[in-house]
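*Asks:* Need a 3D model of the sequence below.
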Amino acid sequence: MDRLTAMEVFVEVAHSGSFSATADKLDMSRAMVTRYVAELEQWLGARLLQRTTRSVTLTDAGESCLRRSQQMLALKENVEEETTVEGSELRGQLRLTCSISFAYAQMAAAIADFCMQHPKLKVDLNASESALNLVEARIDLAIRISAEPDPMLVARPLAPCASVLVASPAYLARHGRPQMPADLSAHRCLSYANFGKSTWYLHRGAEHQQVGVASQFSANESTALLQAALAGAGIALQPTYLANPHLATGALQAVLPQWALPTMTIYALYPSRKNLPPAVRTLVDFLVLRFATVAW
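*Replies:* You can find the predicted model right below:
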């Protein structure tokens, strides 16, 4: 039995709670997943999982095995990276996470270009709005947009992230164009549930305005609000990396363009500087250069 593969299978079952989901993710049959787990249990002489028709849960022995398996797999990856990097050639697997909207608008294309430069490296992107625990989720790198990054993580700034208020021409034709921030209270506003849901902050020079907005539709994901704005549902607060292409075509128009919104920062976050995998360091350097240009 390949015990490292068995550990990898066991870890995925523990995370997903499903033999079928693990089989799909690892591209193997459900029977093979079951066999790996059974052989690992036989090797350790302990039951690792409690199985019912509805759920799969860890036993006490399984909790201990999960921690040790994660450590072993992390060590395996470090050894592979340290021993197989020759010159600029990167191997192994790199796991990263970012928001769904940033994955859609920027990271997918960035990763495609990066992979072309490093064809022997595998990249696994977890697009999520959740703040994943990087260690528990075995994530090497997180790309997050924040005003204050997690102080427990190493944070390297990649670029500023500006925002803009936008609406479709059809919406503005029906409801009029706000002239001052206070006018927003009379409009249908599309709010991001995790940032500024009921209050928007705007400034023009030294003048600052705090506006309470009536949100008929809110969402925890920016591309959903972008599509709603394109459909004429209201005024949306959008990051420029999503809004700019639609502003360029006229599908969306800027609202209160003379007023600015708070600027946040796009960070590359990773757990530690110690023994930073070459693939992570190389990708971060690649992203710094990529986002340094105005074009992005």
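*Asks:* so where do the strands sit in this protein?
*Replies:* Using DSSP state E, the strands of the chain run over 49-51, 56-58, 92-98, 121-127, 141-146, 154-161, 163-167, 189-192, 199-204, 207-212, 215-219, 235-239, 253-255, 264-270.
*Asks:* Please identify the buried residues of the third one?
*Replies:* In this case it means strand 92-98. Using 16 or more other CB atoms under 10 Å as the test for burial, strand 92-98 gives 92, 94, 95, 96, 97, 98. Glycine gets a C-beta too; all of them are placed from N, C-alpha and C.
*Asks:* which ones are touching the second one?
*Replies:* Under the criterion of CB atoms under 8 Å, 6 or more residues apart in numbering, the contact list for residue 94 reads 121, 122, 123, 124, 140, 141, 277, 279, 280, 283.
*Asks:* okay but the second one is in contact with residue 92, surely?
*Replies:* Yep, that's residue 122 we're talking about. Yes: with contact defined as CB atoms under 8 Å, residue 122 reaches residue 92; the gap is 7.1 Å.
*Asks:* hang on, the earlier thing: can you add distance to residue 116 and pLDDT and give the buried residues of strand 92-98 back as a markdown table?
*Replies:* Shown next, in a markdown table, are the buried residues of strand 92-98 (distance: CB to CB, whole Å; pLDDT from 0 to 100):
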| residue | distance to residue 116 | pLDDT |
| --- | --- | --- |
| 92 | 17 | 85 |
| 94 | 14 | 91 |
| 95 | 19 | 91 |
| 96 | 17 | 92 |
| 97 | 22 | 92 |
| 98 | 19 | 93 |
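*Asks:* and these as TSV, adding distance to residue 210?
*Replies:* Shown next, in TSV, are the buried residues of strand 92-98 (distance: CB to CB, whole Å):
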residue	distance to residue 210
92	48
94	42
95	40
96	35
97	32
98	30
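*Asks:* which of those sit farthest apart?
*Replies:* 92 and 98 (19.9 Å; CB to CB).
*Asks:* tell me which residues of the longest helix anywhere in the chain are tucked away?
*Replies:* Across the chain, the longest stretch assigned as helix under DSSP state H is helix 60-84. Residues of helix 60-84 classed as buried by neighbour count (16+ other CB under 10 Å): 62, 65, 66, 69, 70, 73, 77, 81.
*Asks:* pLDDT score for residue 14?
*Replies:* On pLDDT, residue 14 comes in at 90.
*Asks:* Tell me the spacing between the nearest residue to it once chain neighbours are set aside and residue 263.
*Replies:* In space, residue 14 comes closest to residue 66 once its chain neighbours are excluded; the distance is 5.1 Å by CB to CB, 6 or more residues apart in numbering. To residue 263, residue 66 is 41 Å away according to CB to CB, to the nearest Å.
*Asks:* For the residue nearest the centre of the chain, list the residues it contacts.
*Replies:* The centroid of the chain falls nearest to residue 98 when counting by CA atoms, centre = their mean (1.7 Å). By CB under 8 Å, 6+ apart, the residues touching residue 98 are 107, 125, 127, 142, 143, 144.
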